[in-house]
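J.: after the sequence you'll find the predicted model.
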Number of protein chains: 2
Amino acid sequence: MKAALEVSRRVRLPGGFRFAGVAAGLKGGGALDLGLAEAPGGASAAAVFTSNRVVAAPLEVDRRHLRAGRGRIRAVIVNSGNANCATRRGRQGSERVCRELGWLLGIPSVQVFPASTGVIGVELPVGKIVRALPRLLSQRRGSAGGVRRFARAILTTDTRPKLAAAGFRCGRGRATLLGVAKGAGMIHPRLRPALRDFPRLRAGQVGGQARLSAGGHATMLAYLFTDVEASAGELQGLLAGACGRTFNRISVDGDTSTNDTVLLLASGASGLRARTRVEKRRFAAALEAVCASLAEQIVADGEGVGHVVRLRVEGARSPEEAERVARAIARSPLVKTAWAGADANWGRVLAAVGASGAPIHPGRVDIFLGPQQVCRRGKACAFAEGAAHRYLSRPRFEVRVRLGRGRAVASFLTCDLTTEYVRINAHYRT
Amino acid sequence: MKAALEVSRRVRLPGGFRFAGVAAGLKGGGALDLGLAEAPGGASAAAVFTSNRVVAAPLEVDRRHLRAGRGRIRAVIVNSGNANCATRRGRQGSERVCRELGWLLGIPSVQVFPASTGVIGVELPVGKIVRALPRLLSQRRGSAGGVRRFARAILTTDTRPKLAAAGFRCGRGRATLLGVAKGAGMIHPRLRPALRDFPRLRAGQVGGQARLSAGGHATMLAYLFTDVEASAGELQGLLAGACGRTFNRISVDGDTSTNDTVLLLASGASGLRARTRVEKRRFAAALEAVCASLAEQIVADGEGVGHVVRLRVEGARSPEEAERVARAIARSPLVKTAWAGADANWGRVLAAVGASGAPIHPGRVDIFLGPQQVCRRGKACAFAEGAAHRYLSRPRFEVRVRLGRGRAVASFLTCDLTTEYVRINAHYRT
């Protein structure tokens, strides 16, 4: 999750996209809950989805559309307030939304990429969405305002929109990459590529998505828009790499959603193309930096979060082993509640490492809370308790674990577990 | 966890054991924190320990003593208030306690079985324990009062002692089995046999253990005392079977402790021996019933618990698969917080099943909240929301999941996740 280049949280608009967000009445109270991102000239697309075996209907539709449309997308339509998951008419509902939107835009419905986020198991109010489409289309703007409405429309329990943008040099010009995301709970992404046969596909443009705030669960959705030219296959490789080091390295509550989706769209509107190795590396770096910023914003706005915690697991045999240990720490309620109390209870971290399933040797484990070592070779070592408490009272801190088994490393972002998290989720639907 | 026979939560004293509990000053405030269970005539012993790779010092000592003493134990010494885990002089401290107690009792120290529970990473105050030993010995009683003091001495964050007893016919008489346990948080046991070569060992007697209430983590400790005659090898087989279906099928918070220990001691004081298949089955049934009762008491007294939830996973390919799905549900913060709010949010249960790692097919999953089906073949089905909310408002309820993949079943006990749990654990040490 290195931020090798400057990433801004302000909107920088890539060419070739228009955005909108309206209130369709899914969330109630006039809140924005239907978002559109359109690439009038089309866009190459690549996506990664949740690896949960239970997947929401729109994800099935997305997979089919990406395949049938050979990786070309013209419009992204996202509703919040309803996950459209585990519903009897979920697939039909999602397809109808795509058909209606396709008809209004004069494009085949396979060029529409739908998404939903909200409560599971409640039928999607398709009528409300369809009725709101003309209004949504009339509001399309290639402006920062349009992006902001789109970003708000996709939110559920989030308290603020998530935006990140970066520019990178490409050929004679400067390309732009804009990211918009949502997610606050049910955040423990394990994303994997949408299609196995993607590298065989070719170039394109577009992206965008909306989410809702009133109930249900809080899937992670992320939309990445760029104006470079790239084939769907090129994008797929870049996206998988960037997600592996960013979105797949965060956890709010350890629950993996049924709707997690990250979509990357390249409009080609800049006329620029990453041809040389250096240009491709710049594109990849910009993509990873934007994803890292969005991932961090998601954890920082996680449900009830008081502290954002960077875990660094070092000295593992493999990156997978390092990640496994990090996930175990990030999922331990005892570790996370100790963090909520700024309690330097490193013994719980050690216990979580031991229960991770990785074949660690306790006698080789070192643990650091920021600058202070608190555990040496699996045993307590003298440290300043007061200083540790003050360090853990910061809104952001780092916990470093050395396994002493090899050279692999993983960096992982997570948070504490607070009474507020419990309150938010105990009465979500009722 | 069938309760085929009558299990009482009142003390029934098996012959051949004496018990005591005193305040050694580890917890402070005069609370009992040092417990002793003695088998003056010795006892055959079998044990299972945590599979966490980080293990507390007393567990290492226990393993060595069981091996060196060929499965004969004379005394169990348990302190609460300190886990004696990840400490530099942990092993020496635990061995010194055994040596001093052995000297006072006139027995080899390898016949002493130590245990500790409490905070990790703080040196065991060996001096306090050693100084309290003479007082502890002077209080030994073969009485219900002695058992109760022992049961209180081993507690940490528990609000009450855990006791279960059963009798079973054996030959011409009636044998007695008594269980004493502790545990409230850091409860997600994954126990495994102490020694691989145990079945080769032979007959014996004794058992017992203590725990503390002021901080640290809340390991599960369970001590089972019977007056039948049995070899260590016989006991080991019985214990592994009983634990697999009881203690290994509960979870409070999904954190596996570094100190989990279950010890079974047989004094032989009744002169009875399970010889026939029927008698052996009765012994096994009594053991499982007592373990099941203790396991349930642990969950019911779990930190901040408002609801005890029985999960039944049916239709799995294997018992391991059923258990894997049950553990995934039992570890989901979103499922557990919904239970705290008596919210019939079955979508979260379905999402947890899908993220369990088991290769389930969502289209075959059925979910029931008590008498009502809420999900049919992976989709929402009509149910009475009000009735479901009333059902989930009960202190105990059942959630049943059918996977439609085979005939294997697992029954698992867990609980909700409340703001109280967070409060207890956010400021445990500070």
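T.: In hand now; what should we look at? Numbers count the residues shown, from 1 in each chain, chains lettered A, B, ... in the order given.
J.: show me the strands in the stretch 1-150 of chain A, by range?
T.: A:18-22, A:34-50, A:72-82, A:112-119 (DSSP state E, counting those that start in this stretch).
J.: just so I know, which of these lies nearest residue A:281?
T.: When these are compared by Cβ to Cβ, strand A:34-50 sits nearest residue A:281, at 17.9 Å. C-beta: built from backbone N, CA, C; applies to glycine.
J.: the closest one pairs with which strands, and in what direction?
T.: Under the criterion DSSP bridges, strand A:34-50 sits next to strand A:18-22 (antiparallel), strand A:72-82 (antiparallel), strand A:191-193 (antiparallel), strand A:261-266 (antiparallel) in its sheet.
J.: touching, residue A:179 and residue A:290? I think so.
T.: Yes - using Cβ atoms under 8 Å, residue A:179 is in contact with residue A:290, at 4.2 Å.
J.: overlap in contacts of the two?
T.: Residues within reach of residue A:179 and of residue A:290 at once, by Cβ atoms under 8 Å, 6 or more residues apart in numbering or on different chains, are A:164, A:165, A:224.
J.: show me those that map onto strands.
T.: The members of the shared contacts of residue A:179 and residue A:290 that map onto strands under DSSP state E are A:164, A:165, A:224.
J.: and of the residues you listed, the nearest to residue B:127?
T.: Nearest to residue B:127 among those, counting by Cβ to Cβ, is residue A:164 at 57.6 Å.
J.: enumerate every residue touching the closest residue to the closest one other than its chain neighbours.
T.: Spatially, and ignoring its direct neighbours in sequence, residue A:164 is nearest to residue A:293 (3.7 Å; Cβ to Cβ, 6 or more residues apart in numbering or on different chains). Listed by Cβ under 8 Å, 6+ apart, the contact set of residue A:293 reads A:3, A:7, A:9, A:164, A:179.
J.: so residue A:293 is in which element?
T.: helix A:277-300 (DSSP states H and E).
J.: mind listing what's buried in that helix?
T.: A:279-280, A:282-300 (16 or more other Cβ atoms under 10 Å in any protein chain shown).
J.: just stretch A:378-396 next, same as before
T.: Buried residues in stretch A:378-396, counted by 16+ other Cβ under 10 Å: A:378, A:379, A:380, A:383, A:388, A:391, A:392.
J.: what does the stretch 1-150 of chain A put close to chain B?
T.: A:52-55, A:83, A:85-88, A:90, A:119-123 (Cβ under 8 Å from any Cβ of the partner chain).
J.: determine which two of the residues you listed are furthest apart.
T.: Pairwise distances among the residues of the stretch 1-150 of chain A next to chain B were taken by Cβ to Cβ; the largest, 21.7 Å, belongs to A:53 and A:123.
J.: neighbour-wise, which of these two wins?
T.: residue A:53 (20 against 14; other Cβ atoms under 10 Å in any protein chain shown).
J.: tell me who's in contact with residue A:367.
T.: Applying Cβ under 8 Å, 6+ apart, the residues near residue A:367 are A:346, A:349, A:350, A:373, A:374, A:375, A:399, A:400, A:401, A:402.
J.: show the pLDDT at it.
T.: pLDDT recorded at residue A:367 is 98.
J.: and it, that's in a strand?
T.: Yes - Residue A:367: assigned to a strand according to DSSP: H, G, I helix; E, B strand; the rest coil.
J.: unless I'm mixing things up, residue A:301 is touching residue A:159, no?
T.: Yes - the pair residue A:301 / residue A:159 is scored as a contact, 5.7 Å apart, by Cβ under 8 Å.
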